[in-house]
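Engineer: Predicted model, plus sequence, below.
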Amino acid sequence: MATSVERSEPTDAVWKAWADRHADLLGNSLGPQRVLLEAAVRFVATVAGHPIMTRLAAFFLLHARMGLSTAQVGAAIGRTDRAMRFVQALSAQELVESIWRELGRHRTPKLLPEHAGPIAKYLVEHPRSTAEEVMGFIRSAFDISVDRQTLRRFSTTYNLGVLRGREDEPEGDDERPFSSAARASGEPSSCSRLRSG
């Protein structure tokens, strides 16, 4: 296991090289600003310039109210002054949204795995319920509002499509959004025991 001294050696070299290259920038910086710039240079070296982590570092430095300019922050994290002006103009909400877009993800899903059981129970107890009624149940039971597409994805993920109404029901816009699953028939399941008498 590497000691803290061994781990800091690469960042020491990176910081020394950066400080030599940017002596004029450091000369125009106040003491607390120099501390932040050094921390930024070492941080970016530690995370190997990961773009999301670098953007977060830039955002924090530009919004730390320490008087750092976009040129100083750009030099510290290895980005252009223009890119830093863009980051400086972002709100915290916009920063988070840009990161989510870059990750190619949506926000944390509203419906979680623990919701599948209660929703399945509702579907079994209400075999003729429409998508709107299922969404209403979710709203009242979990205080979560979902749209049809979210409900469809959740239903597909947890195989809730088998909990549909009878085969003779016509499928229209009001029907449950379970297009990928076969409708349940009135016949007993092959997994259930036949009752005698």
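Structural biologist: That came in fine, so what should we check first? Numbers count the residues shown, from 1 in each chain.
Engineer: can you list the domain ranges for this protein.
Structural biologist: The chain is divided into the following domains under automatic domain parsing: 4-103, 109-185.
Engineer: Touching, A57 and V41? I think so.
Structural biologist: No - checked against C-beta atoms under 8 Å, the pair A57 and V41 is beyond contact range at 9.9 Å. Yep, even glycine has a C-beta here, placed from its N, CA and C like the rest.
Engineer: between these two, what contacts are shared?
Structural biologist: I77 (C-beta atoms under 8 Å, 6 or more residues apart in numbering).
Engineer: quick one on the thing from earlier: output the domains of the chain as JSON lines; include the columns mean neighbour count.
Structural biologist: Output for the domains of the chain, formatted as JSON lines (neighbours: other C-beta atoms under 10 Å):
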{"stretch": "domain 4-103", "mean neighbour count": "15"}
{"stretch": "domain 109-185", "mean neighbour count": "15"}
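Engineer: rank those by mean pLDDT and give me the bottom one.
Structural biologist: Sorting the domains of the chain by mean pLDDT places domain 109-185 lowest, at a mean of 75.
Engineer: Please save the CA atoms from stretch 69-83 in PDB.
Structural biologist: Extracted as PDB, the C-alpha positions of stretch 69-83 are listed here (Å, rounded to 0.1, in the frame of the first residue of the first chain):
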ATOM      1  CA  SER A  69     -10.200  34.900 -12.900                       C
ATOM      2  CA  THR A  70     -11.300  32.600 -15.700                       C
ATOM      3  CA  ALA A  71      -7.700  32.800 -17.000                       C
ATOM      4  CA  GLN A  72      -6.200  31.600 -13.700                       C
ATOM      5  CA  VAL A  73      -8.700  28.800 -13.300                       C
ATOM      6  CA  GLY A  74      -8.300  27.800 -16.900                       C
ATOM      7  CA  ALA A  75      -4.600  27.600 -16.600                       C
ATOM      8  CA  ALA A  76      -4.800  25.600 -13.300                       C
ATOM      9  CA  ILE A  77      -7.100  22.900 -14.800                       C
ATOM     10  CA  GLY A  78      -5.800  22.900 -18.300                       C
ATOM     11  CA  ARG A  79      -8.800  24.500 -20.100                       C
ATOM     12  CA  THR A  80      -9.200  27.600 -22.200                       C
ATOM     13  CA  ASP A  81     -10.300  31.000 -20.800                       C
ATOM     14  CA  ARG A  82     -13.300  30.800 -23.100                       C
ATOM     15  CA  ALA A  83     -14.300  27.400 -21.700                       C
END
